[in-house]
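Chemist: Predicted model follows, preceded by the sequence.
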Amino acid sequence: MSGHSKFANIKHKKEKNDAAKGKIFTIIGREIAVAVKEGGPDPANNSKLRDVIAKAKANNMPNDTIDRGIKKAAGDLGSVNYENNTYEGYGPGGVAIIVETLTDNKNRTAANVRSAFSKGQGSIGTTGCVSFMFDKKGQIIIDREECSADPDELMMTALDAGAEDFQEEEDSFVVITAPEDFYAVRDALEKEGIPMAEAEITMIPQTYTHITDEKDINNLNRILDLLDEDDDVQNVYNNYEE
């Protein structure tokens, strides 16, 4: 996937996020609650909570909101009953799609995800049917327009902190890490005052699928839009190349 297309997707998603901050903060709040329940309220001893905090900051969630979410979750552990589920399938044109959900009603969520695929002429598959085509990685995207750092110095900061790869794209820098090194790299960049357009553990496609049929594109967008509108859906990954 070309750099400008990758960053265009990020900016498009961020714009949608900005138009629905309430939903984004609700989603992250759920992730904080689950992370605290599983590993405690101290991010220094809870890597999953550290990752969620990084995601929260990349989505401009205020620090006091993050702190309140952690304290609320720590004091209300008994009522946290969210369940993680992952669905895999294909959209039109053979586009691979992974849907990660966090829900208090598995049956409702499963029905909604299946409905989204069906309405967009896609199909749900079995676990593992497309995930083998993705690599789980930490990914940090930096907008060139927002970053005044020298590219070589930026690259060395990222690599010295443990990054696997540093890519210079048309309008962005992309830092790739192993999942376990993500927080250290993100923290090093934050300490240098580097603004991050996106910073999270994600699923990166090994190859991309290009479709040209207008009907297929519209149906694929319908699937993605319906999933995006569902409060139980946390993340959606696909290998569609625009």
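Modeler: Structure received. Worth saying up front: this structure is predicted, and the values here are computed from it rather than measured.
Chemist: who's in contact with the nearest residue in space to Lys55 that is not next to it in sequence?
Modeler: For Lys55, ignoring the flanking residues on the chain, the nearest one in space by C-beta to C-beta, 6 or more residues apart in numbering is Glu200 at 4.6 Å. Where you see a C-beta, it was placed from the backbone N, CA and C, and this is true even at glycine. Glu200 sits next to Asp51, Ala54, Lys55, Ala58, Gly138, Gln139 when contact means C-beta atoms under 8 Å, 6 or more residues apart in numbering.
Chemist: The longest strand along the chain: what's the following helix or strand?
Modeler: In the chain, taking DSSP state E as the definition, the longest strand is strand 134-143. Once strand 134-143 ends, the next helix or strand along the chain (criterion: DSSP states H and E) is helix 151-160.
Chemist: Give me the buried positions along that following helix.
Modeler: Residues of helix 151-160 classed as buried by neighbour count (16 or more other C-beta atoms under 10 Å): Leu154, Met155, Thr157, Ala158.
Chemist: what's the burial count for Asp76?
Modeler: Using other C-beta atoms under 10 Å, Asp76 has 12 neighbouring residues.
Chemist: what bits of the chain have low per-residue confidence?
Modeler: Per-residue confidence for the chain (pLDDT under 70) gives these ranges: 1-21, 77-80.
Chemist: Now stretch 232-242 - C-alpha only, PDB.
Modeler: Taking Å, rounded to 0.1, in the frame of the first residue of the first chain, the C-alpha atoms of stretch 232-242 are listed here in PDB:
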ATOM      1  CA  ASP A 232     -19.600  -3.100  20.300                       C
ATOM      2  CA  VAL A 233     -17.000  -3.000  17.500                       C
ATOM      3  CA  GLN A 234     -13.600  -2.000  18.700                       C
ATOM      4  CA  ASN A 235     -11.400  -2.400  15.700                       C
ATOM      5  CA  VAL A 236     -11.800  -3.300  12.000                       C
ATOM      6  CA  TYR A 237      -8.800  -4.400   9.900                       C
ATOM      7  CA  ASN A 238      -8.900  -5.000   6.100                       C
ATOM      8  CA  ASN A 239      -6.400  -5.400   3.200                       C
ATOM      9  CA  TYR A 240      -8.300  -3.200   0.800                       C
ATOM     10  CA  GLU A 241      -6.000  -0.900  -1.200                       C
ATOM     11  CA  GLU A 242      -7.700   2.200  -2.500                       C
END
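Chemist: just the angle between whatever helix or strand Ile204 lives in and strand 134-143, please?
Modeler: Ile204 belongs to strand 198-205 when assigned by DSSP H and E. Going by axes from the mean of the first three to the mean of the last three C-alpha atoms, to 10 degrees, strand 198-205 is angled at 140 degrees with respect to strand 134-143.
Chemist: got the contact list for Tyr90?
Modeler: Applying C-beta under 8 Å, 6+ apart, the residues near Tyr90 are Ala96, Ile97, Gly122, Ser123, Gly125, Cys129, Val130.
Chemist: and it, how far is that from Glu145?
Modeler: 36 Å (C-beta to C-beta, to the nearest Å).
Chemist: re earlier: sort out which of the contacts of Tyr90 are buried, if you could.
Modeler: Ala96, Ile97, Gly122, Gly125, Val130.
Chemist: Do I have it right that the first one meets Tyr208?
Modeler: Right, the one you point to is Ala96. No - assessed by C-beta atoms under 8 Å, Ala96 is found out of contact with Tyr208, at 9.6 Å.
Chemist: joint contacts of these two?
Modeler: Asn239.
Chemist: Give me the neighbour count for Glu214.
Modeler: Neighbours of Glu214 (other C-beta under 10 Å): 8.
Chemist: for Ala44, that is, sorry about that
Modeler: 8.
Chemist: Spatially nearest residue to it, not counting backbone neighbours?
Modeler: In space, Ala44 is closest to Arg50, 8.0 Å off (C-beta to C-beta, 6+ apart).
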